[in-house]
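>>> Task: produce atomic coordinates for the following.
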Amino acid sequence: MSTTTLPIAKAITAGLRDAMRADEKVMLMGEDIGVLGGVFRVTDGLHAEFGSQRVVDTPLAEAGIVGTAVGLCFRGYRPVVEIQFDGFVFPAFNQITTQVAKMHYRTGGRVSLPLVIRIPHGGGIGAVEHHSESPEALFAHTAGLRILAPATAQDAYWMTRQAIECDDPVIMLEPKRRYWVKGDVDPDQRPDLSPWNAQVRRSGRDATLLAWGPSVQLALESAEEAAADGVDLEVIDARSLAPLDIPTISDSVRRTGRLVIVHEAPVSGGLSAEIAARITEECFYHLESPVIRVGGYHTPYPPARVEDAYLPDLDRVLDGVDRALAH
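The predicted model follows:
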């Protein structure tokens, strides 16, 4: 199969299909993922190909979905569960943090949980509340979970494959407002870069912009806008949120002397706070300014008609860059 152009959503579909063809123990579970193909049509066509024993429509019960998947792991399966919207994950929070994350450690390594939890992530789709959350910090705080946040079609395909192959539980935060952004996918060429590594998407010398998932495109657009004013920004896609690839970020900051972190989640208690602390510890004598964070506000996610005022945009990112350069 040669390189093809796919939207991010369909790159995930292709990754799921190829993983299921490669291993009969891979199965999918979730609300409306079978005949309907999921609310975002990510699983479209998989029920017809693999049947209802491997593409399972579940009740509307997230705790039951994840709990059942834990039992399937005990029986040798590699389940992939879909949480229909990010804000629906909280009924399963107990299962994920007290069972999924701890089972391998609790059993002294005798039990593995090769479980993938797919979560459409972030805002920007004009939805009602509980459909636009960014809960990555809650899960990154929990030891025992891996978290991936693809931002391109190529990463979406291969991170899906690699997450399923991993013997640890993996949360996949999929950028739902970017689902239909297209990109090249090569399913025959496994990337040299590990999914647990960050990637420099754009080289620069004046400051580092770090983002993940749906915010990577915004960071790249901000860098292009800044270049028109003679400011050269380096853009890093974190890709993995647990574990964090601090060495790649640190290497960039040592060269640029400045770091601006962009994400949709509230800044207060957000993952950017942990990154800022780690970078300050490791790069203190290289920093020319404080680490700047640009994110959501410390409020519940707003109604759709005002979400554009909540989400980081070009002006807010460039303001953060200006604040970093002012020192």
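
>>> quick one: contacts for the nearest residue to residue 294 once chain neighbours are set aside?
Sequence neighbours aside, residue 320 is the residue nearest to residue 294 in space, at 4.3 Å (criterion: C-beta to C-beta, 6 or more residues apart in numbering). In short, each C-beta sits where N, CA and C put it, glycine included. With contact set as C-beta atoms under 8 Å, 6 or more residues apart in numbering, residue 320 has these partners: 260, 262, 292-294.

>>> Let me know the secondary structure of residue 320.
Secondary structure of residue 320, reduced to three states by DSSP: H, G, I helix; E, B strand; the rest coil: helix.

>>> pLDDT at it, what is it?
We have a pLDDT of 98 for residue 320.

>>> ok, now which ones touch the most centrally placed residue in the chain?
Most central in the chain under C-alpha atoms, centre = their mean is residue 149, positioned 1.9 Å from the mean C-alpha point. Residue 149 makes contact with 121, 136, 172-173, 175, 212-213, 238-241 under the criterion C-beta under 8 Å, 6+ apart.

>>> pLDDT and neighbour count added to the residues you listed, as CSV?
Formatted as CSV, the contacts of residue 149 follow (pLDDT from 0 to 100; neighbours: other C-beta atoms under 10 Å):
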residue, pLDDT, neighbour count
121, 94, 29
136, 97, 25
172, 98, 25
173, 98, 24
175, 97, 25
212, 98, 29
213, 97, 26
238, 98, 26
239, 98, 27
240, 98, 21
241, 98, 25
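
>>> Keeping just the C-alphas, turn stretch 95-114 into PDB.
The C-alpha atoms that make up stretch 95-114 are tabulated as PDB, following Å, rounded to 0.1, in the frame of the first residue of the first chain:
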ATOM      1  CA  GLN A  95     -12.200   2.200  36.800                       C
ATOM      2  CA  ILE A  96      -9.400   4.000  34.900                       C
ATOM      3  CA  THR A  97      -7.500   5.400  37.900                       C
ATOM      4  CA  THR A  98      -8.000   2.600  40.500                       C
ATOM      5  CA  GLN A  99      -8.100  -0.500  38.300                       C
ATOM      6  CA  VAL A 100      -6.700   0.100  34.800                       C
ATOM      7  CA  ALA A 101      -3.700   2.200  36.000                       C
ATOM      8  CA  LYS A 102      -2.800   0.000  38.900                       C
ATOM      9  CA  MET A 103      -3.400  -3.600  37.900                       C
ATOM     10  CA  HIS A 104       0.000  -4.300  36.500                       C
ATOM     11  CA  TYR A 105       1.800  -2.800  39.600                       C
ATOM     12  CA  ARG A 106      -0.700  -4.400  42.000                       C
ATOM     13  CA  THR A 107       0.000  -7.900  40.600                       C
ATOM     14  CA  GLY A 108       3.700  -7.500  40.700                       C
ATOM     15  CA  GLY A 109       3.900  -7.500  36.900                       C
ATOM     16  CA  ARG A 110       2.000 -10.700  36.500                       C
ATOM     17  CA  VAL A 111      -1.000  -9.100  34.800                       C
ATOM     18  CA  SER A 112      -0.800  -6.700  31.900                       C
ATOM     19  CA  LEU A 113      -3.700  -4.500  30.600                       C
ATOM     20  CA  PRO A 114      -3.200  -4.000  26.900                       C
END
